[in-house]
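A.B. asks: My questions are about this predicted structure, shown below with the sequence.
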Amino acid sequence: MMIDLKGKVALVTGAASAEGLGFAAALKMAGQGARLFLTDLNAEGVEARAADLRAAGHEAQAMGQDVTDEAAWAATIDAVVSAFGRIDILVNNAGIAVLKMMSEMTKADWDRQLRVNLDSVYLGCKAGLDQMRKQGGGGSIVNLSSIAGLVGVPGTAAYAASKGGVRLMTKAIALEAAREGIRVNSVHPGSIWTDMQKVAIADNKEQFDIIENAIPMGHLGQPEDIGAMVAFLASDDAKYITGAEFTVDGGMTAQ
Ligand SMILES: NC(=O)c1ccc[n+]([C@@H]2O[C@H](COP(=O)([O-])OP(=O)(O)OC[C@H]3O[C@@H](n4cnc5c(N)ncnc54)[C@H](O)[C@@H]3O)[C@@H](O)[C@H]2O)c1
């Protein structure tokens, strides 16, 4: 059965990369009829992605946004509402991976990781929730966590703290908003082949082999695998699902 997002307005952060998870989610939702508003620190990139969606016959707009900046969140919500009148779906996807062993990790690394991956999701949920409440309730917020927010992985102390934080913040907010029909869930990708992975394991074939061999299905996932999960959670087919966590990891955390 096709997921139906006809007429719904979706805001997706961190959507500038054509091969990233944000754009994959946007593309999937646009294909189901949603109107898309894309943001990213990379304003030029995200404008290009919105143009890609429009060229494919979808409704899409974009603007530059730093998700760590509270004032920028207010400006973004205003821009989405003036473009499309409302926000039904918010996908907090923007993120970075500061992967360092403890001996190498500085306090500045730690702070940057938490600011970009955790503070940003707090700010996004707060701004998104306020807007959804203003509209009279209803809506779906999907937060991108990671399997590194579920199990320990060496070299991810700060990243894991950010993603573990996203996981439980998601549940707490879901409980606050449940009676208003605003659903909040987290998605936990395993290793998906995007720029983030390419940077993390660039020029390190050995590390790539270790990662690939650890995946029960034997290969990395594709951005569309995450896009499909996000689109489902965004839709009314998921109307009884809130405060829940969904791994999309080729069996990685089943071990
Ligand atoms: N790729 C994976 O294997 C994987 C696994 C688990 C979780 N994730 C999570 O999925 C999300 C998307 O990852 P991806 O692999 O598509 O990465 P990506 O690097 O391709 O995309 C992330 C985007 O976020 C943007 N961004 C970074 N800082 C920002 C800021 N301060 N404000 C606004 N935008 C900012 C970047 O410009 C980039 O376009 C991230 O939250 C990531 O942690 C990815």
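C.D. replies: Happy to help now that I have it.

A.B. asks: Tell me where the model's unsure across this structure.
C.D. replies: Applying pLDDT under 70 to the chain flags the ranges 1, 202-203.

A.B. asks: and it, which of its residues are near the ligand?
C.D. replies: 13-14, 16-17, 20-22, 40-42, 65-68, 93-97, 116, 144, 146, 189, 191-192, 194-197 (C-beta under 6 Å from any ligand atom). C-beta here means a position set from N, CA and C on the backbone, and glycine is covered the same way.

A.B. asks: Can you say which of the residues you listed are buried?
C.D. replies: Buried members of these, scored by 16 or more other C-beta atoms under 10 Å, are 13-14, 16-17, 20-22, 40-41, 65-68, 93-97, 116, 144, 146, 189, 191-192, 194, 196-197.

A.B. asks: Please flag which of those sit within strands.
C.D. replies: Judged by DSSP state E, the subset of these located in strands is Thr13, Asp40, Leu144, Pro189.

A.B. asks: ranges for the strands of the stretch 151-255 of the chain?
C.D. replies: 182-189, 245-248 (DSSP state E, counting those that start in this stretch).

A.B. asks: a markdown table please, covering those strands and showing distance to Ala161.
C.D. replies: Output for the strands of the stretch 151-255 of the chain, formatted as a markdown table (distance: least, C-beta to C-beta, whole Å):
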| stretch | distance to Ala161 |
| --- | --- |
| strand 182-189 | 15 |
| strand 245-248 | 16 |
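
A.B. asks: Select, out of those strands, the one closest to Leu5.
C.D. replies: In terms of C-beta to C-beta, the element of the strands of the stretch 151-255 of the chain nearest to Leu5 is strand 182-189, at 14.0 Å.

A.B. asks: Pairing partners for that closest one, with directions?
C.D. replies: Paired neighbours of strand 182-189 in the sheet (DSSP bridges): strand 139-144 (parallel), strand 245-248 (parallel).

A.B. asks: Can you give me the end-to-end span of stretch 10-24?
C.D. replies: 13 Å (C-alpha to C-alpha, to the nearest Å).

A.B. asks: Identify the residue of the protein closest to the ligand, quick one.
C.D. replies: Nearest to the ligand, among the residues of the chain, is Gly95, at 2.5 Å (C-beta to the nearest ligand atom).

A.B. asks: ok, back up a step: ranking the strands of the stretch 151-255 of the chain by burial, who's on top?
C.D. replies: strand 182-189 (a mean of 25; mean count of other C-beta atoms under 10 Å).

A.B. asks: In three-state terms, how would Asp130 be classified?
C.D. replies: Applying DSSP: H, G, I helix; E, B strand; the rest coil to Asp130 yields a three-state assignment of helix.

A.B. asks: No further queries at this time; thank you.
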